[in-house]
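Asker: I need the structure of the sequence given here:
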Amino acid sequence: MNLSGAINYEAIIWLSFGGPNDPSEVMPFLENVTSGRNVPRQRLEKVADQYMLFGGKSPINEQNLELIEKLRLELSSRSITLPIYFANRNWSPYIGEVVKELQSDGVRSALAFVTSAYGSYSGCRQYREDIQRAVDEYAPGLYVHKIRHYFSHPGFVGTLVEATRALVEDLTSLGDRKIAVACSAHSIPLKMSVSSKYLSQLESVKEAIRDSIKDGGFSDVPVDLVFQSRSGPPTEPWLEPDIGDKLTEYVESGIDTVVVVPIGFVSDHMEVIYDLDVLAAQIAKDVGISLFRVPTASKDDAFVSMVADLVQEQIDPSFHAANYPGMEIPTEECHVGCCLEFS
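Answerer: Numbering: from 1, shown residues only. Got it, this is the predicted structure:
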């Protein structure tokens, strides 16, 4: 798999995590995701019950398909006519099926856009490994380049910054509130985090939000990085603080209103609509906090424009995608030891 890019790309792969489309797929999907990890059946059944609260399906596939259609229109407006193929890592259409289809269609080189903005094993390297494995098995000779991280593109971080500041302004105008902002991302094991820039990239997004809040005249509003959705054994240290613990801490410091910003997620899938909108919301209610959530970045049209930018910079040497002021510009190259599963 190529990591340095090329010019003559013939297709785009929109690659995501995957999710069940109906109740009959929920348990097979969960079994597939947790394969080889010795997760107790009881735990899988508990997670399956969470899906049933939303009709036994994940919204992620429909969200991806809607974004793909918007991307087609945006690329067309730029005279870019590359076909877009939808693929998943953990459910149909599997990446293996899709690279086989690409080869059958005569595609020799493709760009892969992954619905994860940051570097980490599960958010970057594992996708690259799965792409390479699929190419080796189903489409030898197919040339695939994974598009770089995009946490610092204005179409991602800028939408979160603007939406957060606007919500804080609105809440402040409603009366005397003690507000805090909690920037939430998926927790990962500490030993996994040290081999990637995941934590520093999240911190940079949080800092951009904090600076915007401060510039808006709300310097007394704390902005914190919190984590959610941990799934490992309790004996293994993961990134903290957990959002539930932080909500309790906020109460103890006199905070009565919390704005949650899902900076670690691209769209409103299960980790957002259940872990935040249900679990975190219930904890907030229990401790007496008013909880408000900022939309995920893909809710803004700037997100699709960003994806088009990332595609265009790969096929047009004279074009360079924008970067949020003061933030790191992600590199195209991945060094050998980056984003390892275990350090």
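Asker: host element of Ile68?
Answerer: Ile68 is located in helix 60-77, with elements delineated by DSSP states H and E.
Asker: which SSE is immediately downstream of that helix?
Answerer: Heading C-terminal from helix 60-77, the first helix or strand you meet, by DSSP H and E, is strand 84-88.
Asker: how far is stretch 104-112 from where the chain is centred?
Answerer: Chain-centre distance of stretch 104-112: 25 Å, with CA atoms, centre = their mean, to the nearest Å.
Asker: buried residues in that stretch?
Answerer: Neighbour-count burial for stretch 104-112 flags Val107, Ser109, Ala110, Leu111, Ala112 (criterion: 16 or more other CB atoms under 10 Å). Glycine gets a C-beta too; all of them are placed from N, C-alpha and C.
Asker: who's the fourth one bridged to?
Answerer: Leu111 forms beta bridges with Ile12, His145, as assigned by DSSP bridges.
Asker: quick check: it touching Ile147?
Answerer: Yes: contact between Leu111 and Ile147 holds when scored by CB atoms under 8 Å: they sit 5.8 Å apart.
Asker: so for the two, which residues contact both of them?
Answerer: Common contact partners of Leu111 and Ile147 (CB atoms under 8 Å, 6 or more residues apart in numbering): Val311, Gln314.
Asker: helix or strand: which one has Asp224?
Answerer: In the assignment (DSSP H and E), Asp224 maps to strand 223-228.
Asker: kindly report the same for Ile283.
Answerer: helix 281-287.
Asker: what's that helix packed up against?
Answerer: Helices and strands touching helix 281-287, by 3 or more CB pairs under 8 Å, 6 or more residues apart in numbering; DSSP states H and E, are helix 243-252, strand 290-293.
Asker: in what helix or strand does Val205 lie?
Answerer: Using DSSP H and E, Val205 falls in helix 198-215.
Asker: now do that helix: everything it contacts.
Answerer: So helix 198-215 is contacted by 118-120, 123, 149, 151-152, 157, 160-162, 164-165, 168, 181, 183, 185, 188, 193, 219, 221, 223-225, 239, 261, 263-264, 324, 326-328, 339 (CB under 8 Å, 6+ apart).
Asker: gap between it and the chain center?
Answerer: What separates the centre of helix 198-215 from the centre of its chain is 16 Å, taken as CA atoms, centre = their mean.
Asker: which among the helices and strands packed on helix 281-287 is found nearest to Asp130?
Answerer: The closest of the helices and strands packed on helix 281-287 to Asp130 is helix 243-252. By CB to CB, the value is 28.8 Å.
Asker: if we can go back for a sec, out of the contacts of helix 198-215, which are inside strands?
Answerer: Counting by DSSP state E, the contacts of helix 198-215 place Val181, Cys183, Ala185, Val223, Asp224, Leu225, Val261 in strands.
Asker: sorry, back to before: among the helices and strands packed on helix 281-287, which comes closest to Gln50?
Answerer: Per CB to CB, nearest to Gln50 of these: helix 243-252, 15.7 Å.
Asker: show me what the closest one is packed against.
Answerer: strand 179-186, strand 223-228, strand 257-261, helix 281-287.
Asker: what are the buried residues along the third one?
Answerer: Yep, that's strand 257-261 we're talking about. For strand 257-261, a neighbour-count test (16+ other CB under 10 Å) marks Thr257, Val258, Val259, Val260, Val261 as buried.
Asker: ok, and what's touching the next helix-or-strand element following it?
Answerer: Once strand 257-261 ends, the next helix or strand along the chain (criterion: DSSP H and E) is helix 270-273. The contact list for helix 270-273, computed with CB under 8 Å, 6+ apart, reads 19, 50-51, 54, 58-60, 186, 228-229, 262, 265, 293, 296.
Asker: rewinding a little: of the buried residues of stretch 104-112, closest to Ser77?
Answerer: For the buried residues of stretch 104-112, the nearest to Ser77 is Leu111 (18.1 Å; CB to CB).
Asker: what's the span of stretch 224-238, first residue to last?
Answerer: Stretch 224-238 has its terminal residues 17 Å apart, counting by CA to CA, to the nearest Å.
Asker: which residues are in contact with that stretch?
Answerer: Here stretch 224-238 makes contact (CB under 8 Å, 6+ apart) with 180-191, 202-203, 206, 239-243, 246, 271, 275-276, 280.
Asker: next one: stretch 155-164
Answerer: Identification of contacts with stretch 155-164 by CB under 8 Å, 6+ apart yields 117, 150-151, 181, 205, 208-209, 212-213, 259, 261, 263, 294-295, 297, 299-300, 302-307, 309, 322, 324, 327.
Asker: sort out which of these are buried, if you could.
Answerer: Among the contacts of stretch 155-164, those classed as buried by 16+ other CB under 10 Å are 117, 150-151, 181, 205, 208-209, 212-213, 259, 261, 263, 294-295, 297, 300, 302-307, 309, 324, 327.
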